[in-house]
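J.: model this:
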Amino acid sequence: MSECVFCKIVNKEIPADIVYEDDLILAFKDIAPQAKVHVLIIPKEHIPNNLYLEGRHKPVVGHIILKVNEIAKQLGIAETGFRLIVNSGKDSGQEVYHLHWHLLGGEPLGRLICK
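T.: Numbers count the residues shown, from 1 in each chain. All right, here's what the predicted structure looks like:
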């Protein structure tokens, strides 16, 4: 985990524009935003992706899903709508192998997949 950029952010070795933090999770602005509002929400524990989730992770995953609403309200996107995305693995476009949720909003996002 010593090379994981998100672990380094959790450990305050790399700066980030943090919008929310508690004992279990950290939320910070994406450095390459894909929408007007683009925040990454991560568990502080290193979990490579969704496939590595186990029963013991239920509390942190549930906590993240519920905190999304609070963070969306804080960022002013709750009323107009937002998108929550989790990429898992190479074909999904996952670039950092530390489980994370993308919270996007602040503008019309259009269709998720255009074919």
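
J.: roughly how far does Phe28 sit from Asp17?
T.: According to Cβ to Cβ, to the nearest Å, Phe28 and Asp17 sit 6 Å apart. Where C-beta positions appear, they are placed from N, C-alpha and C, glycine not excepted.

J.: right, and Val10 touches Leu40 too?
T.: No. Judged on Cβ atoms under 8 Å, Val10 makes no contact with Leu40 at a distance of 11.6 Å.

J.: show the residue spans covered by the strands in this structure.
T.: 18-21, 25-29, 37-43, 82-86, 101-105 (DSSP state E).

J.: reformat these as a markdown table; add mean pLDDT and mean neighbour count.
T.: A markdown table is the format used below for these (pLDDT from 0 to 100; neighbours: other Cβ atoms under 10 Å):
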| stretch | mean pLDDT | mean neighbour count |
| --- | --- | --- |
| strand 18-21 | 98 | 15 |
| strand 25-29 | 98 | 20 |
| strand 37-43 | 98 | 21 |
| strand 82-86 | 97 | 16 |
| strand 101-105 | 97 | 21 |
